[in-house]
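Colleague: coordinates only, sequence not included:
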Ligand code: HEM
């Protein structure tokens, strides 16, 4: 079957399927289309034709690094252009700088390196707990907002030894404001037709100013670090300034270090904050699993104020809660691959080389064939260690795949386990508004407008 014959909504001349894409909730829209058109469907947009893939066997096929590679498709291109440059996330695998940065930075994200980040992670988690413990009983919290402050401050402190002090500010740090604007603008840009973009000069000017501001902040960090004479501080910046790729014998140029810093600030906070927000959402909606997680926390952490590395490893049920959250709502819900050569997908569909194939992770993760009849239900036992180990290959992909998988996976999980553990240890949560899930999609997905009352557990905060 030729690519044009792959099932999919019919579309219009010139606009293609633009009107079939749900602008308010694109991911839920893609999931609806997958339920209608099946494990692979075709979408034509002015940027070109892409296939949306969610069948486990098809996803397994395109995860093969020998025949397929990550593709920097239209959406990522705009992120590359306006914010992240040629950082790890938005560069091609064949870019020599991707290899160099990958080799230099991998050790900083290996499991052994996580010990080193623990004190800084605890510092910021402690700030969140302090804030929540001082609320009056009738006050509530905007969960996504506080989680975003937490994850942003954590990656900045662990990555660059820099404090944004988000919990101590009424208005966002100018850097954060510029970054949020840039990401929104990049997204709006990706949705406009090329001709419309030419008419948005003011938006483009603002984008240039924002980019200059972000780069200045990071350049200043680099300059200050060099001037301080204490370049290595056990963080990512020190490593990037001193590290040499053993293969090429070269280090990273400043311009690329800036791109990597911006990349870590973006990739390192949106996804983890969404994960923590969804996790609290699922736990208040399923108190039985919340009680089980809390019982584990009480047993492992007891009254210890600051969890140790060894205790975090014993919070296996808390980890399952997080992994199950990422099954139903993987917070980076798409990744895009393309075949090196013309190929036949699933033994059926003739795909020209370079065709973007986008993996729709939330739908992949809801396969009844893989997870059973209750695939749509939240139950942390779905991801119990023995079940994860017995899954078909590439059936669970919240962190992407192969050599282009998430470099920050261990970092994100350590941070999320630590924070969820400390929160369960100290607080009860009340879903006083009987919140109904509404997913907000920016670069990532998170629950929109989710507020909770947070009460100290007697004798614990
Ligand atoms: C790549 C998910 C946290 C840094 C990715 C990809 C996914 C992902 C799906 C692959 C994207 C693609 O193929 O286009 C997540 C999730 C997270 C998380 C769900 C949290 C729950 C983090 C953190 C950091 C980070 C904390 C940094 C500290 C990166 C980078 C890449 C990446 C640099 C690009 C890697 C490369 O291509 O070399 N992430 N991520 N992520 N992530 Fe994460």
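Modeller: Everything's here; your move. Quick caveat, the model's predicted, so the values are computed rather than measured. Numbering: from 1, shown residues only.
Colleague: now do the helix or strand containing residue 151: which elements does it pack against?
Modeller: Assessed by DSSP states H and E, residue 151 sits inside helix 143-160. Packing partners of helix 143-160 (3 or more Cβ pairs under 8 Å, 6 or more residues apart in numbering; DSSP states H and E): helix 114-133, helix 236-242, helix 254-267, helix 270-285, helix 409-426, strand 445-447. Where C-beta positions appear, they are placed from N, C-alpha and C, glycine not excepted.
Colleague: distance from it to the middle of the chain?
Modeller: 13 Å (Cα atoms, centre = their mean, to the nearest Å).
Colleague: let me see the mean pLDDT of that helix.
Modeller: When pLDDT is averaged along helix 143-160, the result is 95.
Colleague: close to the ligand: what parts of the stretch 201-350 of the chain are there?
Modeller: Within the stretch 201-350 of the chain, the positions adjacent to the ligand are 263, 264, 267, 268, 271, 272, 275, 326, 330, 331, 332, 335 by Cβ under 6 Å from any ligand atom.
Colleague: apply 5 Å and report the result again.
Modeller: By Cβ under 5 Å from any ligand atom, the residues of the stretch 201-350 of the chain that approach the ligand are 267, 268, 271, 272, 275, 331, 332, 335.
Colleague: longest helix in the protein, please.
Modeller: With secondary structure taken from DSSP state H, the chain has its longest helix at helix 201-228.
Colleague: so what touches the helix or strand that comes right after the helix holding residue 151?
Modeller: Counting by DSSP H and E, the element after helix 143-160 in chain order, helix or strand, is helix 174-191. If you take Cβ atoms under 8 Å, 6 or more residues apart in numbering as the criterion, helix 174-191 is touched by 23, 74-75, 78-79, 81-83, 152, 164, 166, 171-172, 197, 200, 203, 206-207, 209-211, 213-214, 217, 262, 265-266, 442-443.
Colleague: let's see it at 6 Å
Modeller: Helix 174-191 is contacted from outside by 74-75, 78-79, 82-83, 203, 207, 210, 213-214, 217, 443, using Cβ atoms under 6 Å, 6 or more residues apart in numbering.
Colleague: residue of the stretch 301-450 of the chain closest to the ligand, please.
Modeller: Relative to the ligand, the nearest point of the stretch 301-450 of the chain is residue 408 (2.2 Å; Cβ to the nearest ligand atom).
Colleague: quick one: low-confidence ranges for the stretch 351-461 of the chain?
Modeller: Residue ranges of the stretch 351-461 of the chain with pLDDT under 70: 459-461.
Colleague: ok, which stretches of it are strands?
Modeller: Taking DSSP state E, counting those that start in this stretch as the criterion, the stretch 351-461 of the chain contains strands spanning 357-360, 427-430, 439-441, 445-447, 451-456.
Colleague: residue 160 is nearest to which of the ones you listed?
Modeller: Proximity to residue 160 (Cβ to Cβ) singles out strand 445-447 among the strands of the stretch 351-461 of the chain, at 24.1 Å.
Colleague: which secondary structure elements does the closest one sit against?
Modeller: Packing partners of strand 445-447 (3 or more Cβ pairs under 6 Å, 6 or more residues apart in numbering; DSSP states H and E): helix 270-285.
Colleague: apply 10 Å and report the result again.
Modeller: On a contact count with 3 or more Cβ pairs under 10 Å, 6 or more residues apart in numbering; DSSP states H and E, strand 445-447 meets helix 26-37, helix 143-160, helix 270-285, strand 439-441.
Colleague: residues contacting it, please?
Modeller: Contact partners of strand 445-447, identified using Cβ atoms under 10 Å, 6 or more residues apart in numbering, comprise 25-28, 143-144, 147-148, 270-271, 273-278, 280-282, 329-334, 362, 435-440.
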